[in-house]
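>>> Sequence plus the predicted model coming up.
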Protein chains: 2
Amino acid sequence: MAEMDETDHSLLRMLREDGRRTFSEMAAEVGLSVAAVKRRVDRMRESGVITGFTAQVDHAKLGWGIEAFVELRYAGTTPVREIVASAYTVQEVQAVFTIAGDPDALVQVRVRDLDHLQQVIDGLRRSGQITGTKTLMVLGSWSRA
Amino acid sequence: MAEMDETDHSLLRMLREDGRRTFSEMAAEVGLSVAAVKRRVDRMRESGVITGFTAQVDHAKLGWGIEAFVELRYAGTTPVREIVASAYTVQEVQAVFTIAGDPDALVQVRVRDLDHLQQVIDGLRRSGQITGTKTLMVLGSWSRA
DNA sequence: ACTGAAATCGCTGAATT
DNA sequence: AATTCAGCGATTTCAGT
């Protein structure tokens, strides 16, 4: 677990709110020099606390308006790495969570329309030793990020 | 739905891979001038395709090592906005997805340990007209981000 | 819509305390 | 571990095409 003081937490919060905020802006806000802020952010990257930076995208604006979670149940003999690997081969899969208990995995997918969702679910069913699925269609989502 | 050409998609892909990539780098890669690239990225922000930029964080390195999804079922009379609002009052909630059918909502939480998880689930149960919960503990996760 | 140039502003590393 | 400073590179705006 990384050593982080209050200033580091402030910088991290600022970068989560706006990943392109400049070192100068942040330096003014925390009351340090630009070089000191850069050093701290570099350190958070090196220690692995910050794993990267990314643009946040409104997928609906790109015509991928449908989001769903698919609960997957696998045959008892399926190893975890195979569960993940098989789900991941489906391009529309955004994230895979392996789960303790039932279901075995929760897969987040993003698709253009319901036909497309049907195809993706079929793809998931074909991609491993799957014994059952349950699809949770997302009506709305709110994220703290 | 926003009008995006192939160049826009390339720029968007680059910014999803590294949200702090410079305009100069991207300009070299797509074969346009820096000013043209800036104009396109500005346009994607204005049109809402890009909603922001953020730092990606390894929460386990900060001591928040446990992730879970909690399926929530509400009393039939509960309006959606109240479902979201009540779940959101719990600080450890990372995201709320309202769902068509059963369950009514899927809530992603991040906590320090199992005691903490217990408290968060109790908090969720208290925060609205909840008739049932089911917790899915995440063992591992892989994201395309 | 893109280019190129000019001015501004921010980043980076080295020397210093 | 923070500061200051100097050199360099990136951003931003604008006139021209």
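Structure's in. What do you need?

>>> quick one, what contacts the closest residue to DNA strand D within chain A?
Residue nearest to DNA strand D within chain A: A:Ser33 (2.9 Å; C-beta to the nearest atom of the strand). For every residue, glycine as well, the C-beta is placed using N, CA and C. By C-beta atoms under 8 Å, 6 or more residues apart in numbering or on different chains, the contact list for A:Ser33 reads A:Ala27.

>>> I'd like the distance between it and A:Arg40.
11 Å (C-beta to C-beta, to the nearest Å).

>>> wouldn't A:Thr135 be in contact with A:Ile121 here?
Yes. Between A:Thr135 and A:Ile121 there is a contact at 6.2 Å, judged by C-beta atoms under 8 Å.

>>> what do the two both touch?
Contacts common to A:Thr135 and A:Ile121, judged by C-beta under 8 Å, 6+ apart, are A:Val70.

>>> other SSEs contacting the helix or strand that contains A:Arg43?
Per DSSP states H and E: A:Arg43 is located in helix A:34-46. Counting contacts by 3 or more C-beta pairs under 8 Å, 6 or more residues apart in numbering or on different chains; DSSP states H and E, helix A:34-46 is packed against helix A:6-17, helix A:23-30.

>>> That one vs helix A:23-30, what angle?
Between helix A:34-46 and helix A:23-30, the angle comes out at 100 degrees (axes from the mean of the first three to the mean of the last three C-alpha atoms, to 10 degrees).

>>> Just the CA atoms of the next helix-or-strand element following helix A:34-46, as PDB, please.
Downstream of helix A:34-46, the next assigned helix or strand under DSSP H and E is strand A:50-57. Extracted in PDB, the C-alpha atoms of strand A:50-57 (Å, rounded to 0.1, in the frame of the first residue of the first chain):
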ATOM      1  CA  ILE A  50      -2.200   6.100 -10.900                       C
ATOM      2  CA  THR A  51      -2.300   3.500 -13.700                       C
ATOM      3  CA  GLY A  52      -3.000   5.900 -16.500                       C
ATOM      4  CA  PHE A  53      -5.100   8.700 -17.900                       C
ATOM      5  CA  THR A  54      -8.100   8.300 -20.200                       C
ATOM      6  CA  ALA A  55     -10.800  10.300 -22.100                       C
ATOM      7  CA  GLN A  56     -14.300   9.700 -20.900                       C
ATOM      8  CA  VAL A  57     -16.700   9.000 -23.700                       C
END
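
>>> Sheet-wise, list the partners of strand A:50-57 with their directions.
Note on strand A:50-57: by DSSP bridges, its sheet partners are strand B:50-57 (antiparallel).

>>> avg pLDDT for the strand it pairs with?
What strand B:50-57 shows for mean pLDDT is 98.

>>> ok, now stretch A:25-37?
98.

>>> swap in stretch A:96-113?
97.

>>> List the buried residues for that stretch?
Buried residues in stretch A:96-113, counting neighbours by 16 or more other C-beta atoms under 10 Å in any protein chain shown, are found at A:96-99, A:103-111.

>>> Can you measure across that stretch, start residue to end residue?
21 Å (C-alpha to C-alpha, to the nearest Å).

>>> and that stretch, how far out from the chain's middle?
In this view, stretch A:96-113 has its centroid 12 Å away from the chain centroid, taken as C-alpha atoms, centre = their mean, to the nearest Å.

>>> Spell out whether that stretch and chain B are in contact.
Yes. With C-beta under 8 Å from any C-beta of the partner chain as the criterion, chain B is reached by stretch A:96-113 at A:96-101, A:103, A:106.

>>> Who does the one residue sitting closest to the centre of chain A form a beta bridge with?
For chain A, the residue nearest the mean C-alpha position is A:Ala95 (6.0 Å; C-alpha atoms, centre = their mean). On the basis of DSSP bridges, A:Ala95 is bridged to A:Gln108, B:Ser143.

>>> Quick check: it touching B:Gln108?
No. Assessed by C-beta under 8 Å, A:Ala95 is found out of contact with B:Gln108, at 10.2 Å.

>>> Name the residues of stretch A:37-55 that are buried.
So stretch A:37-55, judged by 16+ other C-beta under 10 Å, has buried residues A:37, A:40-41, A:44, A:49-50, A:52-55.
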